[in-house]
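# what shape does this take:
(2 chains)
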Amino acid sequence: MSAMEFADGGAPHVGAPVRASGDCRETHWRCGLVEGTTAGAASRLVDAEYRAELRLAGGRLMRGPGYAGAPRLTRQRLARVGAMLKLRQHARYHLHAAGVVAPDGAAWLLMGETGSGKSTLAYALARGGWRVLGEDGVVLEHTASGMIAHGWRDPLRVSIELAAWFPELRRHDHLVDWQDARHRVDVDATFVKRAAIAGLIAVERSSHDSMSPLSSTRALTMLVRQATFLMLTDHHAAAHLETLRELVEAVPCFTLRHTPAQLACVHSTIMAAAR
Amino acid sequence: MRYRIVSDALSASLSDGAVLLNLYTKRYFSLNETGSRIWSLLQLQPTEEEIVQALVREYDVEVPEATRAVHQLLDDLVAERLVEATSA
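The predicted structure follows:
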């Protein structure tokens, strides 16, 4: 008889709390190039490159020192992170996952670590007529009609090295971001604003292909790891965790271990699981 | 000695276990079904013996095995500052 099967305090890479201070009423965190401090309902966001600042207080985002003069991309970066925090105050929670919508209108969330193949599988599905909510993020909301995923609009990006499987990528060769470690390029997809969630899939690269059920506890542990800002000390953590719990109880959860062969048949794999 | 859940701990119970968060240390944990039952018993600020007796009543397990499992979990939960021992 053992009870604690797994203990992993590793910080998720998006919205990762760095440390709590004092009596836990203040959290210092980092989300990409944005550093933040949250205390209660107020947050201070600082861009690590330009030191431009954005503040969230009283439910409003306000420009801080250096914001107006910062480059557009810096302001966008701060505004996006500020929006994630503001949405959390309205019971909408950002999740680091790809969201894709099947031809029947049902959304499937692909979750996994960076490099696990979320975007690649999302693109494989988009080529087959699926629509996209987000490549690297979606926003969860529990509504009266069920669990909804809202789009978190980022361009869909995949590695140019996948041209062997997706020949059309060669047309985009001149647009490759060579500064990017994965040499990604923006690709075409049809985006959708929101859809009801039909299932959760934890994706892992593997030497074999398999789709197997994932227990609710394992699925929730993965969601906790990928949930942005879950553990901030802003009084919303309990409601955020409860929404994630309701999600894994409401929809089927799976683990998809995949090889490149899956790129040609992932639609059928998911549809078979859905039955 | 009694045990109680600290105020920085959050939990989500599921049909096959539970997930725990510590908002102070920013660490998270999962429990299997047995661990989840022990966690729910901790809401009542029990002694270790009271938890063991509850498990023996509810599961097909003998006292020595239940005692080992409860003791180990309480040690882990205290070490992770999810639970604290009280003299009350």
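# what's the first helix or strand after the helix ranked longest in chain B?
The residue-count maximum for a helix in chain B (DSSP state H) belongs to helix B:63-79. Using DSSP states H and E, the helix or strand that follows helix B:63-79 in sequence is strand B:83-86.
# using CSV, list the CA coordinates for that following strand.
Extracted C-alpha coordinates of strand B:83-86, given in CSV (Å, rounded to 0.1, in the frame of the first residue of the first chain):
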residue,chain,number,x,y,z
VAL,B,83,0.5,19.0,6.6
GLU,B,84,1.6,20.0,10.1
ALA,B,85,1.6,18.1,13.4
THR,B,86,-0.1,19.7,16.3
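# quick one: average pLDDT of that strand?
Mean pLDDT, strand B:83-86: 95.
# now do that strand: everything it contacts.
B:1-6, B:9, B:42, B:45, B:74, B:77-78 (Cβ atoms under 8 Å, 6 or more residues apart in numbering or on different chains). In short, each C-beta sits where N, CA and C put it, glycine included.
# for the stretch 151-275 of chain A, what spans make up the helices?
A:216-226, A:237-250, A:266-274 (DSSP state H, counting those that start in this stretch).
# swap in chain B?
B:33-42, B:48-58, B:63-79.
# hang on, the earlier thing: so can I have CSV of the helices of the stretch 151-275 of chain A showing distance to A:Glu53, mean neighbour count and mean pLDDT?
Shown next, in CSV, are these (distance: least, Cβ to Cβ, whole Å; neighbours: other Cβ atoms under 10 Å in any protein chain shown; pLDDT from 0 to 100):
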stretch, distance to A:Glu53, mean neighbour count, mean pLDDT
helix A:216-226, 27, 24, 93
helix A:237-250, 24, 19, 96
helix A:266-274, 43, 17, 95
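# which of the ones you listed sits closest to A:Ala122?
Nearest to A:Ala122, of all the helices of the stretch 151-275 of chain A, is helix A:266-274, at 9.4 Å by Cβ to Cβ.
# show me which residues of chain B are close to chain A?
Contact residues, chain B versus chain A (Cβ under 8 Å from any Cβ of the partner chain): B:8, B:10, B:12-19, B:21, B:23-32, B:34-35, B:38, B:55, B:59, B:61, B:65-66, B:68-69, B:72-73, B:76-77, B:80.
# among these, which ones are buried?
Applying 16 or more other Cβ atoms under 10 Å in any protein chain shown to the residues of chain B next to chain A, the neighbour count classes B:8, B:10, B:12-14, B:17-19, B:21, B:23-32, B:34-35, B:38, B:55, B:61, B:66, B:69, B:73, B:76-77, B:80 as buried.
# re the thing from before, ok, and the most crowded of the contacts of strand B:83-86?
Counting neighbours by other Cβ atoms under 10 Å in any protein chain shown, B:Leu77 comes out on top of the contacts of strand B:83-86 with 26 neighbours.
# of the helices of the stretch 151-275 of chain A, which is nearest A:Arg25?
A:Arg25 sits nearest to helix A:237-250 of all the helices of the stretch 151-275 of chain A, at 12.6 Å, using Cβ to Cβ.
# of all the contacts of strand B:83-86, which two lie farthest apart?
Going by Cβ to Cβ, the pair spanning the contacts of strand B:83-86 furthest: B:Met1 and B:Ala9, at 18.6 Å.
# A:Ser207 against A:Thr259, yeah?
Yes: counting by Cβ atoms under 8 Å, A:Ser207 does reach A:Thr259; the two are 6.7 Å apart.
# the more surrounded of these two?
Neighbours were counted for A:Ser207 and for A:Thr259 using other Cβ under 10 Å; A:Thr259 has more, 13 against 6.
# would you tell me which helix is longest in chain A?
Counting by DSSP H, the longest helix found in chain A is helix A:72-89.
# what's whichever helix or strand comes after that one packed up against?
Using DSSP H and E, the helix or strand that follows helix A:72-89 in sequence is strand A:92-95. On a contact count with 3 or more Cβ pairs under 8 Å, 6 or more residues apart in numbering or on different chains; DSSP states H and E, strand A:92-95 meets helix A:72-89, strand A:138-143, helix A:237-250.
# for chain B, find the nearest of the ones you listed.
helix A:237-250 (3.9 Å; Cβ to the nearest Cβ).
# the closest one vs chain B: in contact?
Yes: Helix A:237-250 reaches chain B (Cβ under 8 Å from any Cβ) through A:237-238, A:241-242, A:244-245, A:248-249.
# and these, which two are furthest apart?
Largest pairwise distance in the residues of helix A:237-250 next to chain B, by Cβ to Cβ, is 18.7 Å, between A:Ala237 and A:Glu249.
# can you pull the poorly scored residue ranges out of chain B?
B:88 (pLDDT under 70).
# go with 90
B:23-27, B:87-88 (pLDDT under 90).
# now swap in the stretch 1-150 of chain A and tell me
A:1-32, A:39-41, A:113-115, A:135-136.
# rerun at 80
Low-confidence segments of the stretch 1-150 of chain A (pLDDT under 80): A:1-25.
# could you look up the SS state of A:Pro65?
coil (DSSP: H, G, I helix; E, B strand; the rest coil).
# quick check: it touching A:Glu53?
Yes: A:Pro65 is within contact range of A:Glu53, at 5.1 Å (criterion: Cβ under 8 Å).
# where does the residue nearest to A:Ala107 when sequence neighbours are not counted land on pLDDT?
Nearest residue to A:Ala107, sequence neighbours excluded (Cβ to Cβ, 6 or more residues apart in numbering or on different chains): A:Ala195, at 3.8 Å. Per-residue pLDDT puts A:Ala195 at 98.
# show me the beta-bridge partners of B:Leu20.
B:Ser11, B:Phe29 (DSSP bridges).
# how many neighbours does it have?
26.
# what about it, distance to B:Thr34?
The gap separating B:Leu20 from B:Thr34 is 14 Å, by Cβ to Cβ, to the nearest Å.
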